[in-house]
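> Predicted model and sequence below, questions to follow.
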Amino acid sequence: MKKEKTIYEYCQNCDEELEMTIVQRDQSNPHLVWVRCPKCSEIKPVDIHQLAEEIREEGSEEDFLKEEEVDEEEQTEAHLSIPPVKFGQKQTQKKKGKNKKETKEETEYKIEKDKAREYLLSEVYKVGETIHHSQWKDYGVVLRVRKSGGGREMMEVRFEKQGIKRLLVNQKRS
């Protein structure tokens, strides 16, 4: 039997604390894991060291990280229902309805390569600003900046080659 790791985490969309499956670990930051809400399927980053500190203060570490025994058949079904997530991958949104036209922001902002700023995890960006992602060798324009369900700041960027991606911003390196 394989073990599936889960974390109890608050989901801002569902407005409740739920048991969320870890779908990916971030290679560039070993303290960061990505979890998926079982109700709304929102994927959000969680800093496990920060979470562990909060739990130690409360005095209960057993609820921090729970391993469930899952037989191989259930594991296969779980992988079918939860596709692997790549860092920055945009999930399909169920809220868009039947009309899948681009929003005003997606069509209004133009990519201006000559005014592009280099994307850095620790920087803050504004809507309409052009960025360059050096690892992807791609330019994009910031469409939205918001807080994720885990309280981290994220921005949605429309790239020339990569399409629309979500990136973390304003993150302090530890």
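Nice, thanks for sending it over.

> measure S134 to H49 for me?
Using C-beta to C-beta, to the nearest Å, S134 is found at 27 Å from H49. C-beta: built from backbone N, CA, C; applies to glycine.

> Oops, could you answer that again for S122 instead?
Using C-beta to C-beta, S122 is found at 18 Å from H49.

> repeat for T6
Relative to H49, and taking C-beta to C-beta, T6 is found at 18 Å.

> Check K165 too.
With C-beta to C-beta as the criterion, K165 and H49 are 26 Å apart.

> Give me the domain ranges for the chain.
Annotated domains of the chain cover 2-81, 105-168 [automatic domain parsing].

> Make JSON lines out of the ones you listed and add mean pLDDT.
Below are the domains of the chain laid out as JSON lines (pLDDT from 0 to 100):
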{"stretch": "domain 2-81", "mean pLDDT": "68"}
{"stretch": "domain 105-168", "mean pLDDT": "87"}
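
> can those domains go into a markdown table with extra columns for mean neighbour count?
A markdown table is the format used below for those (neighbours: other C-beta atoms under 10 Å):
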| stretch | mean neighbour count |
| --- | --- |
| domain 2-81 | 14 |
| domain 105-168 | 16 |
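
> got the residue ranges for the strands in the chain?
Taking DSSP state E as the test, the strands found in the chain are 2-11, 16-25, 32-36, 43-47, 65-70, 117-118, 130-133, 138-147, 153-159, 163-168.
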